[in-house]
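1. Starting from these lines, generate the structure:
(chains A and B)
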Amino acid sequence: MRYLAVLIVALWPALLAAAEWEDHQTFGDTEASAPLRILSSTDTSFFAPIIAAFVARQPGVAVEYLVTGTADLDARFRDAPAAYDVVISSAMDLQLKLANDGFAAPLDMPEHPDRAQWHKRLFGFTTEPAAIVVNKELFADLPLPRSRQDLIEVLRANPERFTGKVGTYDVRDSGLGYLFATQDARSSETFWRLMEVMGRLDARLYCCSGEMIDDLATGRLAVAYNVLGSYAEARATEAGALTVILPSEFPTAMMRTALISRAAPQPEVAKAFLRHLIQMQAGGGDAGFPLPPLATSNDATGGTSISLDPALMTYLDRMKRQMFIQEWENAIVQQD
Amino acid sequence: MTAEVHVHGSLRRRLGLILTGGAAVLAVILYLAVRTFAAQIAQQGQDSILNASVTSILDTAVLRDGEVLLDFPYASLSMLGTSADDRVFYAIHADDRLLSGYDSLPAPGASQDSLPRFRTTDHGGEPVRMATDARTLIGAQGQTTVTVSVAQTQDALSETLNAISRRVALFGIGFFALSTALALWAAATTSRQLRRLTTSVTRRGPQDLRPVAQPVPSEMGPLVASLNTLMGRLDHALTRSEEFLAEAAHRVRTPLATVRAYAETTLQRVDNPDNRKALHAMIRAIDESSRAASQLLDHAMVTFRADTLTREDLELSELLRDLVDRMRPVADMKDITLSLRAEGPAVLHGDAILLQNALRNLIDNALKYAPAETRVEVAVRSEGAGPVVTVIDEGPGFDAAEIDTLATRFVRGKAMGHTIGSGLGLTIVQAVVLAHGATMTLSNTAEGGACVTLQF
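-> Numbers count the residues shown, from 1 in each chain, chains lettered A, B, ... in the order given. As a prediction, the model looks like this:
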């Protein structure tokens, strides 16, 4: 009985940890004493090829890939920075604040474009736009929107068809959703009108892109706003009904960023991994990079990337966040 | 001729050192001053941006239902972006209560310093520059003071400063190099003036005591003036002593010759043997005085001229032939055969007057000590380095014990008691020989006669 109790106490953290991750996989040499621990918000399917290529080049190295949501990831890392080597997240603002607060270790990467790195500590390695994703079958005869304004008009004109069938991020839970929302709000008032329209249509709120796309594919949603284009494209090929639309008036594009923990247990392997990641990114899709690589600055689509800038911390301010969420709730969460 | 000069230090080196040292000090001062100035300006730049950020945040402060709200714009932090991606920290306090931002920044405190306030402080082990400003909001429930601090690391600032420092350091080194070149040039130019004066004085002929006429820089004026005065005095003194020599020779010799003529005449008329003996003694004394006077004058002249030889190319055999011809009557009086043996040309670069004087004394000595009806032979030949002159008589020769001291002034061979002489003859010869860098050797011939050899 006592032994059982000891066993439970001993295993409890492991069980707890295992239970808390969205996904948790180990790559490479299972005999390796200490794996490189990567804390990430990116689905394992996107990172598996990158990590596989890495462990293939580095024998004797194991990689533990831990996936969770952006906001949760930030909280976990702040709690135990020494438990992880590399942190990868799509929430640029949270990542930048981590680097600003001194959680990141420096790494010299002179060949990496300046706009995709901050303070030699935070490195952007993808350009991923926020997209409007629609289920064509549910739109049927209606014209597909090409911009936010189009979307507002089509939603307003067909409330009976879209009620309960529109979705977006719950900015209270999702770090990436909050980043997209604040950047949209900064760019245009259209965002607030869209939120109001979606609120009247009883919008469904999601924590993650994946679930939104699932619901779009099954037809529970007709349209989702600010979905990660890269995820949607991946699913659009299997579910033929999905169409990814980049809003024409101003596309919002974020960079997925990576940093090395200053308290990393394996700093050298972490550096090697980051260099590998950046190199693969530079090679693009031809080199087997599974995510959209960094856009060149003079991109023809005129994609306005969110820049790595201390101003990203503006909306992380406690008061600013409180006010923004209040306004957002007023718009989208309708009190009947 | 080259006098010993006590040399201490070098004007050129001293001038060079002072100028180069000055340039080095100036370059360092320039570097420090520009760096300090640049640091100030760079700091002012950062301060003004921090202040703008603080102001833009503070401007949004409002009291709503007794609660302080700040909806500050994106630009507030965006404006703090730098090339080095400096880290940014901020803190917003309402009456010392942290509303939002970093609690790790130093609290504003109740300091009554004038606002906005700037200070450099430490945040997480890194130096940061922090700007703080405050504003008082008045609401229904009373008043609240909102304090905003924005801090930034100084990576970009130090990068800028380092770049400026490097450039200024290069500039300073350039300035120093240029100044050093100028200093060396200045030192060389200054010392060239001195060298030119030295050269012009050194190159002068021995008799040239004219004042320096070429223009000199004003700093060298007093020196050259003193030099000119000194040379003037020297010239004057020399002229005077030369005049004195001529005058003395004239004044002493002429009356002596007159007295001797009277004595001779009187001797003709006197028959008393005692008187005749006395007159003979008198004539001898007069001869002795005359000879002594002329040797003293010769010696003085030789001493004076030996310092400043007037050299020219001379044919020694010619010079000797003249002498021998001139002295032959004296030899004839004593029934001495005076002969000259010249073998080929014997050219010598020397002072004609001095050599003539010396050789005359030498022959005169030989004639004086040689007994009647003997031979005195003067020979000149070229041998090795230069001409050799020998004068050989058939007299008693030198006393072996005295050979080394004979050339000293006023020393006369002891066996010569009855012969007229002052002991100056060989001294004069020795002085002339030394002035020409030659040697005099005294020896006795196998037959016992004296032999004097001059090897030039």
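2. For chain A, give me its nearest residue in the stretch 101-250 of chain B.
-> Of all residues in the stretch 101-250 of chain B, B:G124 sits closest to chain A, at 5.2 Å by Cβ to the nearest Cβ. Backbone N, C-alpha and C define where each C-beta goes, glycine included.
3. Look at the closest residue to that residue other than its chain neighbours and say how many residues are nearby.
-> Closest residue to B:G124 apart from its sequence neighbours, by Cβ to Cβ, 6 or more residues apart in numbering or on different chains: A:G102 at 5.2 Å. Neighbours of A:G102 under the rule other Cβ atoms under 10 Å in any protein chain shown: 16.
4. for A:G102, helix, strand, or coil?
-> coil (DSSP: H, G, I helix; E, B strand; the rest coil).
5. Over to the one 10 residues further on?
-> A:H112 carries the three-state label coil when classified by three-state DSSP.
6. Sort out which residues of stretch B:201-215 are buried, please.
-> Within stretch B:201-215, the residues that count as buried by 16 or more other Cβ atoms under 10 Å in any protein chain shown are B:209, B:212.
7. Which residues does that stretch contact?
-> B:196-197, B:200, B:224, B:227-228, B:231-232, B:234-235, B:238, B:307-310 (Cβ atoms under 8 Å, 6 or more residues apart in numbering or on different chains).
8. just to revisit the earlier point, distance check, the residue nearest to B:G124 against B:R117.
-> 25 Å (Cβ to Cβ, to the nearest Å).
9. quick revisit: my guess is the residue of the stretch 101-250 of chain B closest to chain A contacts B:S104. True?
-> Yes: the pair formed by B:G124 and B:S104 meets the contact definition of Cβ atoms under 8 Å, at 6.7 Å.
10. chain center to stretch B:273-292: distance?
-> Distance, stretch centre to chain centre, for stretch B:273-292: 60 Å (Cα atoms, centre = their mean, to the nearest Å).
11. Distance check, B:V378 against B:S443.
-> 16 Å.
12. Would you agree A:G28 is in contact with A:E64?
-> No: with contacts defined as Cβ under 8 Å, A:G28 does not count as touching A:E64, sitting 9.4 Å away.
13. which neighbours do these two share?
-> With Cβ under 8 Å, 6+ apart as the test, A:G28 and A:E64 both reach A:P35.
14. Show the model's pLDDT score for the residue nearest to B:G124.
-> Here, the pLDDT recorded for A:G102 equals 92.
15. what residues are up against it?
-> Contacts of A:G102 (Cβ under 8 Å, 6+ apart): A:262, B:87, B:124.
16. can you pick the most crowded of these?
-> Neighbour counts for the contacts of A:G102 peak at B:R87, which has 25 neighbours (criterion: other Cβ under 10 Å).
17. number of nearby residues for A:A222?
-> Neighbours of A:A222 (other Cβ under 10 Å): 25.
18. meant to ask about A:P247
-> Around A:P247 there are 24 residues (other Cβ under 10 Å).
19. For it, list the residues it contacts.
-> A:131-132, A:146-148, A:151.
20. Just the element for B:V388, please.
-> In the assignment (DSSP states H and E), B:V388 maps to strand B:386-392.
21. Does whichever residue of the stretch 151-300 of chain A sits closest to chain B belong to a helix, a strand or coil?
-> The nearest approach of the stretch 151-300 of chain A to chain B comes at A:R186, 5.8 Å away (Cβ to the nearest Cβ). The assignment at A:R186 comes out as helix when based on three-state DSSP.
22. mind listing what the residue nearest to it when sequence neighbours are not counted touches?
-> Among residues not flanking A:R186 along the chain, B:Y74 sits closest, at 5.8 Å (Cβ to Cβ, 6+ apart). Taking Cβ under 8 Å, 6+ apart, we find B:Y74 in contact with A:186, A:311, A:314.
23. So which residues on chain B come close to chain A?
-> Contact residues, chain B versus chain A (Cβ under 8 Å from any Cβ of the partner chain): B:69-78, B:80-81, B:84-89, B:92, B:99-101, B:124.
24. returning to that earlier point: roughly how far does the residue of the stretch 151-300 of chain A closest to chain B sit from B:I57?
-> 16 Å.
25. Between those two, tell me which one has more neighbours.
-> B:I57 (25 against 15).
26. what separates that one from A:K320, distance-wise?
-> Distance from B:I57 to A:K320, by Cβ to Cβ: 10 Å.
27. Also A:V86?
-> Distance from A:V86 to A:K320, by Cβ to Cβ: 29 Å.
28. What of B:A183?
-> 65 Å.
29. and residue 317, how many neighbours?
-> Going with chain A. A:D317: 22 neighbours (other Cβ under 10 Å).
30. I was after chain B.
-> What B:S317 shows, counting by other Cβ under 10 Å, is a neighbour count of 23.
31. again with B:T136
-> 10.
32. what about the closest residue to it other than its chain neighbours, which SS state?
-> In space, B:T136 comes closest to B:T145 once its chain neighbours are excluded; the distance is 5.0 Å by Cβ to Cβ, 6+ apart. Here B:T145 is recorded as strand under three-state DSSP.
33. pLDDT score assigned to B:T145?
-> So, for B:T145, pLDDT stands at 90.
34. can you pull the contacts of it?
-> Applying Cβ under 8 Å, 6+ apart, the residues contacting B:T145 are B:94-95, B:134-137.
35. from the residues you listed, which would you call buried?
-> Looking at the contacts of B:T145 with 16+ other Cβ under 10 Å, the buried ones turn out to be B:94, B:134.
36. now, which of the contacts of B:T145 lie within strands?
-> Using DSSP state E, B:94, B:134-137 are the members of the contacts of B:T145 that sit in strands.
37. What strands flank the host helix or strand of A:T168, and is each parallel or antiparallel?
-> If you go by DSSP H and E, A:T168 is part of strand A:166-169. According to DSSP bridges, strand A:166-169 forms sheet pairs with strand A:204-206 (parallel), strand A:223-228 (parallel).
38. Would you mind checking the average pLDDT for the shortest one?
-> Just to be clear, that refers to strand A:204-206. On average, strand A:204-206 scores 94.
39. For the following helix or strand past that strand, which helices and strands make contact with it?
-> Counting by DSSP H and E, the next helix or strand C-terminal to strand A:204-206 is helix A:209-218. Helix A:209-218 sits against strand A:128-135, strand A:166-169, strand A:204-206, strand A:223-228, helix A:229-236, strand A:242-245, with contacts defined as 3 or more Cβ pairs under 8 Å, 6 or more residues apart in numbering or on different chains; DSSP states H and E.
40. more crowded one of B:V378 and B:S443?
-> B:V378 (23 against 15).
41. Point out where the stretch 301-450 of chain B drops to low pLDDT.
-> B:407-423 (pLDDT under 70).
42. where exactly do the strands run in it?
-> With strands called from DSSP state E, counting those that start in this stretch, the stretch 301-450 of chain B shows them at B:312-315, B:337-343, B:347-350, B:375-383, B:386-392, B:439-444, B:450-455.
43. and if you look at the stretch 201-336 of chain A?
-> Using DSSP E, counting those that start in this stretch, the strands of the stretch 201-336 of chain A run over A:204-206, A:223-228, A:242-245, A:252-254, A:257-261, A:304-305.
44. okay, the ones you listed in JSON lines with mean neighbour count next?
-> As requested, the strands of the stretch 201-336 of chain A are exported to JSON lines (neighbours: other Cβ atoms under 10 Å in any protein chain shown):
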{"stretch": "strand A:204-206", "mean neighbour count": "19"}
{"stretch": "strand A:223-228", "mean neighbour count": "28"}
{"stretch": "strand A:242-245", "mean neighbour count": "19"}
{"stretch": "strand A:252-254", "mean neighbour count": "23"}
{"stretch": "strand A:257-261", "mean neighbour count": "26"}
{"stretch": "strand A:304-305", "mean neighbour count": "18"}
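45. Compare the ones you listed and report which one is nearest to B:V432.
-> strand A:257-261 (101.7 Å; Cβ to Cβ).
46. The closest one: partners in the sheet, and parallel or antiparallel?
-> strand A:86-89 (antiparallel), strand A:104-105 (antiparallel), strand A:122-124 (antiparallel).
47. tell me how far it is from the chain's mean position?
-> 14 Å.
48. any idea of the mean pLDDT for it?
-> The model assigns strand A:257-261 a mean pLDDT of 96.
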